[in-house]
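Colleague: build me a model from this:
(chains A, B and C)
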Amino acid sequence: MGDRLDPHLDLSSRILEDLNDVQHEAVVHGDGPLLVLAGAGSGKTRVLTRRLAYLIAAHGVEPERILAVTFTNKAAAEMRERVARLLGETASRIWVGTFHAICLRMLKRHQRLLGFQGNLTVFDAEDQIQLYRRVLKEANLGEGTGLKPRDAQSAISYAKNAMLGPDAFEAASPSPGRQRIAKVWRMYDARLREQDGADFDDLLLLTLRLLDENPAVADTYARRFQHVLVDEYQDTNRVQFEIVRRLAEAHGNICVVGDDDQSIYGWRGADITNILEFERHFPGAAVLRLEQNYRSTGSILDVANAVIRVNEGRKPKTLWTANGRGEAVRLFLADDEEQEGRYVARRIREGMRRGGAASGFAVLYRTHAQSRPFEDAFIRAEIPYRVIGGVSFYQRREVKDLLAYLRLLVNPFDEISFRRAALAPRRGAGETTVDRMIADARARGLDYLAAAEEAAIAGIGGGRGLAPLAKMAHWLRELSARAGEPPHVLIEEVVREVDYAGWLRAQGESDWEDRYAHVLELTEGARSYEGSEEGTTLAGFLDQVALYANVDEVASGGERVTLMTVHNAKGLEFDQVFVTGLEEGLFPHVSAWSDRHEMEEERRLFYVATTRARLKLELTACRLRRRINYAGGMDVSRFLADIPKDLLDVEGVAAAVGTGLMPPLVRSVAPAARVDEEPDEPEIRREAATRRPRGLLARHVRYGVGRVLSVDGAGDDARVEVDFPGWGVKKILRAYLSLEKGEQG
DNA sequence: ATTATTGATTTTTTT
DNA sequence: AATCAATAAT
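Modeller: Residues are numbered from 1 along each chain as shown, chains lettered A, B, ... in the order given. Sure thing, here's the model as predicted:
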């Protein structure tokens, strides 16, 4: 939705044009804390941008004295652009960005106060995993304990966001597992600091520390920012809240916008109490509620409301719309995911034939893995599409390889990048040699380029691989003298010198040409960065790349249908939306089955998904879903049961056999098969029921119900051998099964 | 010491 | 499907 404004009105009137009463009030609110509870589609972004413009135009606040925090870089860009449309280029002086980008900006200026040597480098998720891998290996902690880099990473990241330190984490519940993690955590942090590295979580934590330990710095920023605005406040975590508090407490000019019903990042440490307790945190806060929805039809809102209503821990609110009822929400029950894909493709074709633009459609799913069948169907139906997320461009191996060289130019202490660059392409030195060299350099406090050059001279370790490493280091050192040149030039130089194309080809992978295309794309990315106003230094480019996220790709992507996860869809809207894979175990995801809070979050996720739709909403589910290696019958999502039946137009599986939506393929074993069940029940179900084993039955998400043959071990880690009819005997961890008493006789 | 091959394990969501 | 660790081959 664009801001269409009458150019003849004076500026303030233009800024206030087309606002309802509450929106107007939010925009003109002067000093003091303000909480805007903005329901889905209630014009939240409009309020935020107008408010920014109004502060500058009417209250005379200097743009650089406003801090506006958004959830994604894309949202930041959009906000800046929309303010610029009202105010012109002064808009670019506002500090707009994600928490991470803004923190990095502040940290870069003051890094020495925090003990950095001046090379502050952002470690992305993969760099983190690599470093955890090193730590686990060297501490001999991974072996036997089953502690994997990813587990350590997620546990520690979560704890960091909750503002625990390793000590507190350990003390919280002293178990061997936690102690191990705490130990890894300390080693990891030390190792990271040693190389001037900071991970995503550190960007926030260090900023908070910077403010707490340096009153002068804190004071500077607190004075500087006369107004602080935070979007998507329901998804901020504890650290972010503390940062905001430090910056805004003195003057209390804090405006936050959010919707507790759309809080979907709890797993990442988002703390919903931030928004629920805002009035307590900032006394005297004004609270405004935007409850009129301008986006969706009445039918769509009814469905969304029916499901979110079930949640208990929420601020009660009634989202209403003056829009018409529109078309009824459709539910399609597919036999399997291929049919689901074909159905959606068919519906989109129909919509396009009626004049709908491809970009007006979105297909949403719970997990990335679900995109494939849709892609297949779209290719066959010749529907242009794009998939948002999955493997982000900057995460690709070939891209990361090249970035490793560039990072070394900026920070020669970057161990992870050195390792990566040294090994790709292979130059006669293997992991062992490189590891040894790294250990030596660390012991002597040398940077890795210097160390590599020296090692060859000293002949450490006697490895034949040292000479080529030294050669690489020497070349990079010379190149670093040219680090001031445009990033794309440096990339090209690296690609040429190491013959990266040759290496890709030699790898013998069939897709080497695609990979090389990505290399060229990276050069293009650098070029466009150089043309932007963000600055043109290599370090700047690397920072931007590090903070780049999947969703940021969304940028006007032309005439295509969009496929993405519900998480990625937050804040977006489309004419017609398909919410797919509505099956128990998928959406809601299994992981939420045993936790009430997580289940509430899944429900909010469903709410977010449905409220993306403007005109038409369709829901789909499959009876049978094939995943990775195998398949299984799926029960229909419990969310569908929350929707009054007269709100849904049901299609598929003989219009869902009567009224009870789709009869589940495999029903819980506990109640014996009833006689009055429909005769055309699927066979698989009967199969599952015909075996009448004594003893235990095990229920599995994918395989359905089977007979337990043996149990090995105890607790959740026990291995259970189960005979699943139709699937054979499988060994499965107890944690993935629910055991039930079998029926006798 | 390095690379190639096999085999196991995996995915929920992401700044 | 794809990545990662353990094992075998060079």
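Colleague: what about the longest strand in chain A?
Modeller: strand A:613-627 (DSSP state E).
Colleague: list the neighbouring strands of that one plus their orientation.
Modeller: Strand A:613-627 has its sheet partners listed here by DSSP bridges as strand A:329-336 (parallel), strand A:574-579 (parallel), strand A:630-633 (antiparallel).
Colleague: quick one: contacts for the nearest residue to A:S480 once chain neighbours are set aside?
Modeller: Spatial nearest neighbour of A:S480, excluding adjacent residues (CB to CB, 6 or more residues apart in numbering): A:L409 at 4.6 Å. Heads up, the C-betas are built off the backbone N, CA and C, glycines and all. Residues counted as contacts of A:L409 (CB atoms under 8 Å, 6 or more residues apart in numbering) are A:476, A:479-480, A:483, A:490, A:538.
Colleague: now do A:L409 against A:L402, distance only.
Modeller: Separation of A:L409 from A:L402 (CB to CB, to the nearest Å) stands at 12 Å.
Colleague: quick one on the thing from earlier: what helix or strand is the residue nearest to A:S480 located in?
Modeller: According to DSSP states H and E, A:L409 maps onto helix A:397-410.
Colleague: please save the CA atoms from that helix in PDB.
Modeller: Provided in PDB are the C-alpha atoms of helix A:397-410 (Å, rounded to 0.1, in the frame of the first residue of the first chain):
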ATOM      1  CA  ARG A 397      30.200 -22.300  -0.100                       C
ATOM      2  CA  GLU A 398      31.900 -20.600  -3.100                       C
ATOM      3  CA  VAL A 399      30.800 -17.200  -1.900                       C
ATOM      4  CA  LYS A 400      32.100 -17.800   1.700                       C
ATOM      5  CA  ASP A 401      35.400 -19.100   0.300                       C
ATOM      6  CA  LEU A 402      36.000 -15.900  -1.500                       C
ATOM      7  CA  LEU A 403      34.800 -13.700   1.300                       C
ATOM      8  CA  ALA A 404      37.300 -15.500   3.500                       C
ATOM      9  CA  TYR A 405      40.200 -14.000   1.600                       C
ATOM     10  CA  LEU A 406      38.700 -10.600   1.800                       C
ATOM     11  CA  ARG A 407      38.100 -10.900   5.500                       C
ATOM     12  CA  LEU A 408      41.800 -11.800   5.900                       C
ATOM     13  CA  LEU A 409      42.700  -8.600   4.300                       C
ATOM     14  CA  VAL A 410      40.700  -6.700   6.900                       C
END
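Colleague: that older thread, ok, so what distance separates the residue nearest to A:S480 from A:G428?
Modeller: 22 Å.
Colleague: before we move on, what about A:R346?
Modeller: 56 Å.
Colleague: what does A:L247 give?
Modeller: Taking CB to CB as the measure, A:L247 and A:G428 are separated by 52 Å.
Colleague: so the two - more neighbours on which side?
Modeller: Taking other CB atoms under 10 Å, A:L247 and A:G428 do not tie; A:L247 has more neighbours (24 against 13).
Colleague: what is the mean pLDDT for the host helix or strand of that one?
Modeller: Assigned by DSSP H and E, A:L247 belongs to helix A:238-248. Across helix A:238-248, pLDDT averages out at 94.
Colleague: right, is the longest strand of chain A up against DNA strand C?
Modeller: No - using CB under 7 Å from any atom of the strand, strand A:613-627 stays clear of DNA strand C, with a minimum separation of 9.8 Å.
Colleague: can you list the buried residues in that strand?
Modeller: The neighbour-count check on strand A:613-627 (16 or more other CB atoms under 10 Å) flags A:613-625, A:627 as buried.
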